[in-house]
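>>> got a structure for you, letters missing:
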C-alpha cells in the first residue's frame, strides 16, 4: 500500500526520508559498481513480479514480495525498493515524490528485518521443514510489518487517522497469508531449481 | 503492464532543461506538502493545472493518471470527516460529520492532486532516461542512478518474459481462482521470473565487462542552460515566495 502525496505531515515525511537515506546508504555500500547492472535486472524482475494480481474471493490483491526480496537481497533491498517505488511513481503515479522516503522505509525495513529473523533458515543446507516454516514466516511477517508500519505512519499523523490505520492493518491480514504461502512455495522452487539465488551469493 | 511514455515534443515545458524541471517540481512539492491553509493549496492546484495545460496532454490521460492517487484519498474521505474532532455539522446515521474533518479531508485532496499534477507534467515532458541523466548531473548518488537506469531498461524485458509465462499457462488451460493450485502456479511464475532475471544479469554482466564497462554512461545530449530556463526558474521562485507568504500570514476567508 502506497501512501499518497499530501496525506502525511512534513515531520513524518522528513523522518521517513532520513531513515531511508541511511538504509539506502548501507545498501549501496555493499554493492560494487560492476554489480549494478545485475542488481538492476533483478530489481526489474521484482518490479514486474510485484505487479501480478492474485484472485482472492471476488477481489484481487497484488503481490508485495518484500519478504523474498529481503531474503535474497538483505540490505540491498533498500536501494532496490527505492528505485522500484520511484519508477512506480513516474510510470503509474503510485505514491509520489515527497512520500518516497516513508514508503520505501515501510516496505524495506520489514524486508531487512525478515532477512535477519528468518534468513538463517532459508538456505539450501537447512532441513525441508525448517526451510518451509522460515520462508513462510518471512513472507508473512514482511507483509504484516509493512502493514503495521503503514498504519503507524498514518496514526502518527493524528488520532483522526486511527480507524483508517486499523482497517489498513486488517486488510493486510489476508494478503499476509497469501504472501506467506507464495514465499514458501517460491523459495522451495528456487531451492530446487536455482539454489545460488538463496545462498547470499547475491545478498 | 502498459508503460507508455507521454513525451510531447512540441510543448513549451518540454524545452526547459530537465535538471531545472526536477528541482522545480521538488521544491514545489515540498512547499505544498508543508502548507496548510486552503487558499494556498487552492492556488497551488490552480498553478499546477495551468502548468499541465501547457504540457499538451489530453485531458482524459490526465484523469486516468490521477486515479491511483485519488483511490487513497477516497479511502480517507470515508474516515476523516467523522473521526476528526470538532464541531458537528450534520449527522449521517449515528455518525457526526465535523466541520474540521471536512476541511481536513478537503485539504489533503487538494494537496495530493496539486502535487500529482506537477509530477505528471514533469514526466509528460521528459523521457525517463533523460530524467536519469539529469539526476546524475544533479549529483545524486551514481550507484543509485545507475541502478535506476538498469531497472528501467530491464522492466520491459522482464515484462515480456512475464507475458510469455502467462501465455504458456493460458495455453495449458490455466484458470486463476481462490485455491492453492493458483497460488502455487503464481509462486512458480515469480520464481521463474527471478531465475530468468538472474541468468540474464549474468550474461549481460559478462557481455558488458567484455566490452570494457567501467561504470560510465555516455549521452550525446548535453544539457544546457537557456533563456527559457532562467525565466521558468524566476517564475517558480516567485510562485513559491507568494505561496510561502500566503501560508505565513494565514490569509483565510471567513466562509471556509
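Cool, got the structure. Note that the coordinates shown come from a computational prediction; the quantities given were computed from them, not determined experimentally.
>>> enumerate every residue touching residue B:51.
Residue B:51 sits next to B:13, B:117, B:118, B:121 when contact means CB atoms under 8 Å, 6 or more residues apart in numbering or on different chains. Where C-beta positions appear, they are placed from N, C-alpha and C, glycine not excepted.
>>> roughly how far does the third one sit from chain A?
The span separating residue B:118 from chain A equals 9 Å under the rule CB to the nearest CB, to the nearest Å.
>>> that residue belongs to a helix, doesn't it?
Yes. Secondary structure of residue B:118, determined by DSSP: H, G, I helix; E, B strand; the rest coil: located in a helix.
>>> so it sits against residue B:31, correct?
No. Residue B:118 is not in contact with residue B:31 according to CB atoms under 8 Å; the separation is 10.6 Å.
>>> A helix includes residue B:11, no?
No. Checked against three-state DSSP, residue B:11 lies outside a helix; its state is coil.
>>> so which of the contacts of residue B:51 is the closest to chain A?
When the contacts of residue B:51 are compared for distance to chain A (CB to the nearest CB), residue B:118 wins out at 8.8 Å.
>>> so what's that closest one closest to, chain neighbours aside?
Excluding the flanking residues, the one nearest residue B:118 by CB to CB, 6 or more residues apart in numbering or on different chains is residue B:48, at 4.7 Å.
>>> list the buried residues in the strand or helix carrying that neighbour.
For residue B:48, the element it lies in under DSSP states H and E is helix B:38-54. By 16 or more other CB atoms under 10 Å in any protein chain shown, the buried positions in helix B:38-54 come out as B:38, B:39, B:40, B:41, B:43, B:44, B:45, B:47, B:48, B:51, B:52.
>>> ok, stretch A:12-31 next?
Neighbour-count burial for stretch A:12-31 flags A:12-17, A:19-21, A:23-24, A:27-28, A:31 (criterion: 16+ other CB under 10 Å).
>>> who has more neighbours out of residue B:118 and residue B:31?
Neighbours were counted for residue B:118 and for residue B:31 using other CB atoms under 10 Å in any protein chain shown; residue B:118 has more, 26 against 19.
>>> low-confidence stretches in chain A?
A:1, A:200-203 (pLDDT under 70).
>>> need phi/psi at the residue nearest to the spatial centre of it.
With distances taken as CA atoms, centre = their mean, the residue of chain A nearest its centroid is residue A:66 (2.5 Å). Dihedral pair for residue A:66: phi -70, psi -20, per degrees, to the nearest 10.
>>> how about the helices of the chain, start to end?
Since you didn't name a chain, this refers to chain A. A:10-29, A:36-49, A:66-73, A:77-92, A:100-118, A:128-156, A:162-193 (DSSP state H).
>>> not what I meant, chain B
B:18-34, B:38-54, B:59-77, B:80-83, B:99-124, B:128-137, B:142-171, B:180-210, B:227-249.
>>> got CSV for those, with mean pLDDT too?
Supplementary listing: those in CSV, determined by pLDDT from 0 to 100:
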stretch, mean pLDDT
helix B:18-34, 90
helix B:38-54, 90
helix B:59-77, 86
helix B:80-83, 84
helix B:99-124, 89
helix B:128-137, 88
helix B:142-171, 91
helix B:180-210, 88
helix B:227-249, 86
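>>> now distance to residue A:96 too, for those, in a markdown table please.
What follows is the helices of chain B, written out as a markdown table (distance: least, CB to CB, whole Å):
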| stretch | distance to residue A:96 |
| --- | --- |
| helix B:18-34 | 7 |
| helix B:38-54 | 13 |
| helix B:59-77 | 7 |
| helix B:80-83 | 19 |
| helix B:99-124 | 6 |
| helix B:128-137 | 15 |
| helix B:142-171 | 17 |
| helix B:180-210 | 27 |
| helix B:227-249 | 18 |
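>>> which stretch among those helices comes nearest residue A:125?
When the helices of chain B are compared for distance to residue A:125 using CB to CB, the nearest one is helix B:180-210, at 19.4 Å.
>>> name the residue of chain A that lies nearest to chain B.
When distances are taken as CB to the nearest CB, chain A reaches nearest to chain B at residue A:40, 2.3 Å away.
>>> tell me which of the helices of chain A is the most buried.
The highest mean neighbour count among the helices of chain A, using mean count of other CB atoms under 10 Å in any protein chain shown, belongs to helix A:66-73: a mean of 31.
>>> that one packs against which elements?
Contacting helix A:66-73 under the criterion 3 or more CB pairs under 8 Å, 6 or more residues apart in numbering or on different chains; DSSP states H and E are the following elements: helix A:36-49, helix A:77-92, helix A:100-118, helix A:128-156, helix A:162-193, helix B:180-210.
>>> okay, the angle between the shortest one and helix B:142-171?
Put plainly, it is helix A:36-49. Between the direction of helix A:36-49 and that of helix B:142-171, the angle (axes from the mean of the first three to the mean of the last three CA atoms, to 10 degrees) works out to 40 degrees.
>>> centre of the chain versus helix A:36-49, how much separation?
In this view, helix A:36-49 has its centroid 14 Å away from the chain centroid, taken as CA atoms, centre = their mean, to the nearest Å.
>>> helices or strands up against that helix?
Packing partners of helix A:36-49 (3+ CB pairs under 8 Å, 6+ apart): helix A:66-73, helix A:77-92, helix B:142-171, helix B:180-210.
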